[in-house]
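**Q** Using only what follows, build the 3D model:
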Amino acid sequence: MSDLSPATHAGEPLPVLALVTGTKPRPEPLDPPMVPFALAGVAAFAVASLVTWLGNAPQSWVEISVAGLVWGIPGTLSMVVHDRGRARRRALTHPDFQVVEEKA
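**A** The predicted structure is shown next:
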């Protein structure tokens with residue numbers, strides 16, 4: 001088992017982080033824009049609502065799809081607010097990232 005440890009291989013330089021913590025650096029978390037995902041969910045619930053209503057599905061199915069559509073609206077609005085902060089968060093983690101202020 002000790003043969004698998006990078007510390008046992010003499011002559012190979014180890015990264016500084018591995019020397020300090022003994023672990024590999026973690027990859028950065030993804031921060032994609034969330035508004036397209038929210039809009040796709042609202043659109044899917046709108047289609048489901050229409051299909052269940054026109055297809056004479058059980059009333060509970062129609063109610064569930066309409067509830068998903070209604071709850072998707074504030075969810076989309078919250079993702080709009082979330083995505084406004086993406087540039088600021090990116091600038092904090094990546095100093096070379098330039099924040100461009102939009103003129104309204």
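**Q** For Pro58, the count of nearby residues, please.
**A** Look at Pro58: counted by other Cβ atoms under 10 Å, it has 9 neighbours. In short, each C-beta sits where N, CA and C put it, glycine included.
**Q** Kindly report the same for Thr93.
**A** Using other Cβ under 10 Å, Thr93 has 10 neighbouring residues.
**Q** Also Ile73?
**A** Look at Ile73: counted by other Cβ under 10 Å, it has 12 neighbours.
**Q** okay, the one helix or strand Trp53 maps to in CSV with CA atoms only?
**A** Element membership for Trp53, per DSSP states H and E: helix 35-54. What follows is helix 35-54, C-alpha atoms only, in CSV (Å, rounded to 0.1, in the frame of the first residue of the first chain):
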residue,chain,number,x,y,z
VAL,A,35,-32.4,31.5,-15.9
PRO,A,36,-32.4,29.2,-19.0
PHE,A,37,-33.0,26.2,-16.8
ALA,A,38,-35.8,27.9,-14.9
LEU,A,39,-37.4,29.0,-18.1
ALA,A,40,-37.2,25.5,-19.5
GLY,A,41,-38.9,24.2,-16.4
VAL,A,42,-41.7,26.7,-16.6
ALA,A,43,-42.2,25.9,-20.3
ALA,A,44,-42.3,22.2,-19.5
PHE,A,45,-44.9,22.7,-16.9
ALA,A,46,-46.9,24.9,-19.3
VAL,A,47,-46.9,22.2,-21.9
ALA,A,48,-47.8,19.6,-19.3
SER,A,49,-50.7,21.7,-18.1
LEU,A,50,-52.0,22.2,-21.6
VAL,A,51,-51.6,18.5,-22.5
THR,A,52,-53.3,17.3,-19.3
TRP,A,53,-56.1,19.8,-19.6
LEU,A,54,-56.8,19.1,-23.3
